[in-house]
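Chemist: what's the 3D shape of this:
(2 chains)
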Number of protein chains: 2
Amino acid sequence: VQFSCRTVAIAGVGLIGASIGLALRASHPEIRRIGVGRSKQTLLRAQRLGAIDAIAEPEQAAQEADLFVIAAPLGAYPSILRAIAPVLREHPRLAITDAGSTKRQPLAQASEILGDRAKRFVGAHPIAGAERSGPDAARADLFQQRACILTPQDCDPDALFFVEAFWRALGARISVMDAESHDRLFARISHLPHLAAYALVNAIVRLAGREEPFAFAGAGFRDFTRIASSSPEMWRDIALANADVLVQALDALRAEIDALREAVARKDAEALFSAFAAAKQARDEWLARHRCEEESCLKS
Amino acid sequence: VQFSCRTVAIAGVGLIGASIGLALRASHPEIRRIGVGRSKQTLLRAQRLGAIDAIAEPEQAAQEADLFVIAAPLGAYPSILRAIAPVLREHPRLAITDAGSTKRQPLAQASEILGDRAKRFVGAHPIAGAERSGPDAARADLFQQRACILTPQDCDPDALFFVEAFWRALGARISVMDAESHDRLFARISHLPHLAAYALVNAIVRLAGREEPFAFAGAGFRDFTRIASSSPEMWRDIALANADVLVQALDALRAEIDALREAVARKDAEALFSAFAAAKQARDEWLARHRCEEESCLKS
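Modeler: You can find the predicted model right below:
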């Protein structure tokens, strides 16, 4: 599939947005990249790093672009969508995609703010997060061989075709699912682990009282808590956008912790062994299925 | 400090015990190493790997040894201590150390089973765990530059001196603390994270129902759950041995998860942001203090 396009607008030039810019430059140097964002400093930094060619207000960027990519935190979507909504009336072939970690809320906001032009919006979630953030963490190969999930809903076929070609041009492997399934899946495998890591670090600090909380903490602790170094703003927005299913996921985690807590309190050796063995088996089977050797598949 | 000794008995030749054997061979090839264990097959494997020179029953090994190292799961301590107790009466200079992940229970069992000979026991905890187990995972350098915590209590000065020299001979850096402080610290930085990882994996499996539980799970998930691949037997024994403080730690984690759950449910953006930012700051400060670069200090 060929991706052909003159100008791409990128709203948000942090890790994801700036990596999009660098990946586009590498594979399609003829495409002009316009950066949009709240922070002039971040935009200038992204431009200096070669991630964007120019900086503009969202309206102007949308007017000039064939594709408008929202790579901003979820909380910034309404203002961005409101800024480009009038442009979409004059410029009906503009396509829009995003890189948000939840997909129901962007769809609902596009529908509410863009009205019948929401059919130009094709939601996407490139699975390429990292706990680092900002344009300095960006890499041209961030999306290479990584999954990108599209959640098209009532969109124009040509917009879907164009957006799919765009993500493929960045090196991503496309999957398609509905927004509800996406949000349930990621509440489970991504949002819940992040909140658990944040809760764990805060519990350890609280338990430490006035002692050094992490004395003698080693590689296991570092790996377990790596995701607790992720952007608080990004994760606040994700938690809010996916609140309903995330509450269910947190309830499930709480039930497992309660069960372990009771088994420890009554010194129930069998219950502890079977809970630990079940978890080990599930994880080991996942690793084996993915033929992902612990040391060799470290990419992040 | 020189370590001088003719024979060391190693009870348990899994990751830790076999690594002790390999490290001893590397630094003190003149020392004879006798392996003790429940599984003949594991003992033969450890011998084939060069981790031990000979295999014996615990009584015989204790009779021949200058130092008896317990590197078995905590649940095996009573039977090992009972086997060597009579030998200690005839062979009063024998010193005993261990490699257990909790320290109050080994001390209490030594006191109960060995009586006044418990002063020959010097508890130790080499911080060199990994989620792998068994003699095939053993490495001669497992203890090099890693901390080893000693928790001496009413022990003979010569036994303490001898055991400290032993762990130094393996390359470890010695710290000393009391058993209560040790168990509280490791409940917080090690036992709680392990139980949280087990609970998380089980919660994800439960949430998935009949779906593939870990679809699209990536590097973050792999790191976060690595410790859920640890030995269920070992962790059952640790949870039982440290039950009282581990229950307190689990209660603290539950309180943090409850607070996040309520903040998500009422869509409290400020509460979520401040909880996430506090965790990120605590972890980032820990990383900075340890000058431990994410990529460069990967040892496990």
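
Chemist: so residue A:176 touches residue A:147, yeah?
Modeler: No. Applying C-beta atoms under 8 Å, one finds residue A:176 not in contact with residue A:147, separated by 11.0 Å. All C-beta spots, glycine's among them, are computed from the backbone N, C-alpha and C.

Chemist: who has more neighbours, the two?
Modeler: Neighbours per residue, other C-beta atoms under 10 Å in any protein chain shown: of residue A:176 and residue A:147, the larger number sits with residue A:147, 17 against 12.

Chemist: before we move on, what's the pLDDT of that one?
Modeler: Reported pLDDT at residue A:147 in the predicted model: 94.

Chemist: centre-most residue in chain A?
Modeler: Centroid-nearest residue in chain A: residue A:101, 3.7 Å away (criterion: C-alpha atoms, centre = their mean).

Chemist: could you list every helix and strand in contact with the strand or helix carrying residue A:9?
Modeler: For residue A:9, the element it lies in under DSSP states H and E is strand A:7-11. Helices and strands touching strand A:7-11, by 3 or more C-beta pairs under 8 Å, 6 or more residues apart in numbering or on different chains; DSSP states H and E, are helix A:15-27, strand A:32-36, helix A:58-64, strand A:67-70.

Chemist: looking at those, which is buried most?
Modeler: With neighbours defined by mean count of other C-beta atoms under 10 Å in any protein chain shown, none of those is more surrounded on average than strand A:67-70, at a mean of 27.

Chemist: and it, which strands flank it?
Modeler: strand A:7-11 (parallel), strand A:95-98 (parallel) (DSSP bridges).

Chemist: what angle separates the longest one from strand A:32-36?
Modeler: Computed by axes from the mean of the first three to the mean of the last three C-alpha atoms, to 10 degrees, the angle separating strand A:7-11 from strand A:32-36 equals 20 degrees.

Chemist: avg pLDDT for strand A:7-11?
Modeler: Mean per-residue pLDDT for strand A:7-11: 98.

Chemist: what helices and strands are in contact with the strand or helix carrying residue A:279?
Modeler: Per DSSP H and E: residue A:279 is located in helix A:269-289. Secondary-structure packing of helix A:269-289 (3+ C-beta pairs under 8 Å, 6+ apart): helix A:243-265, helix B:192-208, helix B:232-241.

Chemist: go ahead and name everything in contact with that helix.
Modeler: Applying C-beta atoms under 8 Å, 6 or more residues apart in numbering or on different chains, the set of residues contacting helix A:269-289 from outside is A:256, A:259-260, A:263-264, A:294, B:197-199, B:201-202, B:204-205, B:213-214, B:217, B:222, B:225, B:228-233, B:235-236, B:239-240.

Chemist: buried subset of those?
Modeler: A:256, A:259-260, A:263-264, B:197-199, B:201-202, B:204-205, B:213-214, B:217, B:222, B:225, B:228-233, B:235-236, B:239-240 (16 or more other C-beta atoms under 10 Å in any protein chain shown).

Chemist: in the stretch 51-200 of chain A, where is pLDDT below threshold?
Modeler: Within the stretch 51-200 of chain A, the ranges that satisfy pLDDT under 70 run A:130-131.

Chemist: surely residue A:10 and residue A:34 touch.
Modeler: Yes. Judged on C-beta under 8 Å, residue A:10 makes contact with residue A:34 at a distance of 7.0 Å.
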